[in-house]
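Peer 1: Give me the fold of what follows.
(one chain, ligands or ions: 1)
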Amino acid sequence: MPLKHLREDIDKIDTKIADLFAKRMGIAAQIAGEKKDTGTPLWNIRREKEILSRISDQVGDALGGYARILYNTMFDVSRSYQTRFLYTDSPLKNEIDKAISQTPALFPKKAVVACQGIEGSYSQLAAEKLFEFPSIMYFNNWDSVFNAVDKGLCQYGVLPIENSSYGSVGPVYDLMKNHHFYIAKAFKLRIAHKLLAKPGIKLEDITEIISHDQALGQCSPFIEGLKDVKITSCDNTAMAAELVANSQRKDLAAISSKECAELYGLEVLSEDIQISDNNYTRFICISKNLEIYPGANKLSLMISVPHRPSSLYNMIAKFASLGLNLTKLESRPIPGSDFEFMFYFDMEASLQSPEVISLLCELSAQPELFVFLGNYTEN
Ligand SMILES: C=C(O[C@@H]1C=C(C(=O)O)C=C[C@H]1O)C(=O)O
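Peer 2: This next block holds a predicted model:
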């Protein structure tokens, strides 16, 4: 049969499918009404499995896999549509509405801010870009920064989460699932590392370099070019500079910043030793309560998807169906589980859109873990 006739047949079938699809969605809306009245959960995984098994039998082995993908997508859109009728007053929606109405128009200039490390740390530099007059409290580790915000000791906390050359700061992602917090703002800081030592010391004298793992990774080609130098990891780049300043050794250097050279009286042995000139670290500014400032256009979520085929694909399809641009997907193993993962999504999205709020309400009602981490601007 010529192509033209075959396409005419497809058009006729599509007309019927579209008609049936609209009817199916109409019935899904009625089911949503029943669920709302009776408090029945949106998801019914057993019912979906029954339909999948019946449909795959009906179409036969050759088309079974395709039919499953089609029907899983159909269940997704059916559930998304039902959320419009179901979650008109979900706890998450109420929290979002409250945050939008109570957050001031402008991000504060002054605040008590928790940072990891000591004076001169990159987190401090980021905090000083985020706030005009931050009053910074330093903590030994990132866990304590999360705790300081959660306990109300500090209004905000500043944490590095990703570097453009060396990738995610895994330990910060791993801590996210243990703490309650929201992202109020994000910021990219350009990072130029220097090799620092006490005055008068030459590069040839150095036998040991200390710094934070992230800085060591961002400078790996420079380090690999040095012969017989021991590399030692420490908690923070500013702490590394302070350690060198307090040491009597003439063969010790730190990878740290220009600011730390001035602060701790060290000299720069090598300038800009990071992999690339375009080396940026993304910092998040966390808060205890949800704050949504006008113009917020980035949204972050933490989700554990079920251990079954296509579940990550189905999740991404939900974002795609609203035309949301995913800017980051990070997966981290859940310790103690059988290779199960926590997924962290960043996307360009605004809670001014009712469809986005509906999607979040739908995700918060599903059985798997879902945490809304905030809607914020990124500078
Ligand atoms: C329509 C329903 O809601 C959801 C969507 C389904 C569907 O589109 O067929 C099936 C089960 C539920 O997860 C229902 O509960 O029947």
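Peer 1: burial measure for whichever residue of the stretch 101-250 of the chain sits closest to the ligand, as a count.
Peer 2: The stretch 101-250 of the chain approaches the ligand most closely through K177 (26.4 Å), counting by C-beta to the nearest ligand atom. From N, CA and C alone the C-beta is placed, and that goes for glycine too. Per other C-beta atoms under 10 Å, the neighbour tally for K177 reads 15.
Peer 1: For the spatially closest residue to it that is not a sequence neighbour, pull up the helix or strand it's in.
Peer 2: Spatial nearest neighbour of K177, excluding adjacent residues (C-beta to C-beta, 6 or more residues apart in numbering): M342 at 5.7 Å. Here M342, judged by DSSP states H and E, is contained in strand 341-348.
Peer 1: For the residue in the chain positioned nearest to the ligand, give me the pLDDT.
Peer 2: Per C-beta to the nearest ligand atom, S78 is where the chain lies closest to the ligand, at 3.2 Å. As predicted, S78 sits at a pLDDT of 91.
Peer 1: quick one: what helix or strand has it in it?
Peer 2: Here S78 sits within helix 61-86, counting by DSSP H and E.
Peer 1: Distance from the chain centre to that helix, please.
Peer 2: How far helix 61-86 lies from its chain's middle: 27 Å, per C-alpha atoms, centre = their mean, to the nearest Å.
Peer 1: What are the buried residues along the next helix or strand after that helix?
Peer 2: Where DSSP H and E defines the elements, the next helix or strand beyond helix 61-86 is helix 91-102. Neighbour counts over helix 91-102 (16 or more other C-beta atoms under 10 Å) mark L92, K93, I96, A99, I100 as buried.
Peer 1: R282 falls within a strand, correct?
Peer 2: Yes: per DSSP: H, G, I helix; E, B strand; the rest coil, R282 lies within a strand segment.
Peer 1: what bridges to it?
Peer 2: Listed by DSSP bridges, the beta-bridge partners for R282 are E162, K188.
Peer 1: Distance check, it against A111.
Peer 2: Going from R282 to A111 by C-beta to C-beta, to the nearest Å gives 20 Å.
Peer 1: Likewise for S350?
Peer 2: 24 Å.
Peer 1: The two: who's more crowded?
Peer 2: The neighbour count for S350 versus A111, taken as other C-beta under 10 Å, is higher for A111 (20 against 15).
Peer 1: what's the spacing between that one and L130?
Peer 2: Here A111 is placed at a distance of 9 Å from L130 (C-beta to C-beta).
Peer 1: do the same with D235
Peer 2: As defined by C-beta to C-beta, D235 lies at a distance of 22 Å from L130.
Peer 1: out of the two, which sits in the more crowded spot?
Peer 2: Shown here are D235 and L130; by other C-beta under 10 Å, L130 has more neighbours (23 against 16).
Peer 1: hang on, isn't the more buried one packed against K188?
Peer 2: No: at 11.2 Å, L130 does not count as touching K188 under the criterion of C-beta atoms under 8 Å.
Peer 1: Overlap of the contact sets of those two?
Peer 2: F283, N379 (C-beta atoms under 8 Å, 6 or more residues apart in numbering).
Peer 1: low pLDDT regions in the chain?
Peer 2: Within the chain, not a single segment meets pLDDT under 70.
Peer 1: how about the host helix or strand of R332 as PDB, C-alpha atoms only?
Peer 2: Assessed by DSSP H and E, R332 sits inside strand 325-333. Provided in PDB are the C-alpha atoms of strand 325-333 (Å, rounded to 0.1, in the frame of the first residue of the first chain):
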ATOM      1  CA  ASN A 325      14.900  21.900  31.900                       C
ATOM      2  CA  LEU A 326      16.800  19.600  34.200                       C
ATOM      3  CA  THR A 327      20.100  21.300  35.100                       C
ATOM      4  CA  LYS A 328      21.500  18.500  37.300                       C
ATOM      5  CA  LEU A 329      20.900  14.900  38.200                       C
ATOM      6  CA  GLU A 330      23.000  13.500  41.000                       C
ATOM      7  CA  SER A 331      22.600   9.900  42.400                       C
ATOM      8  CA  ARG A 332      24.100   8.800  45.700                       C
ATOM      9  CA  PRO A 333      24.000   5.300  47.100                       C
END
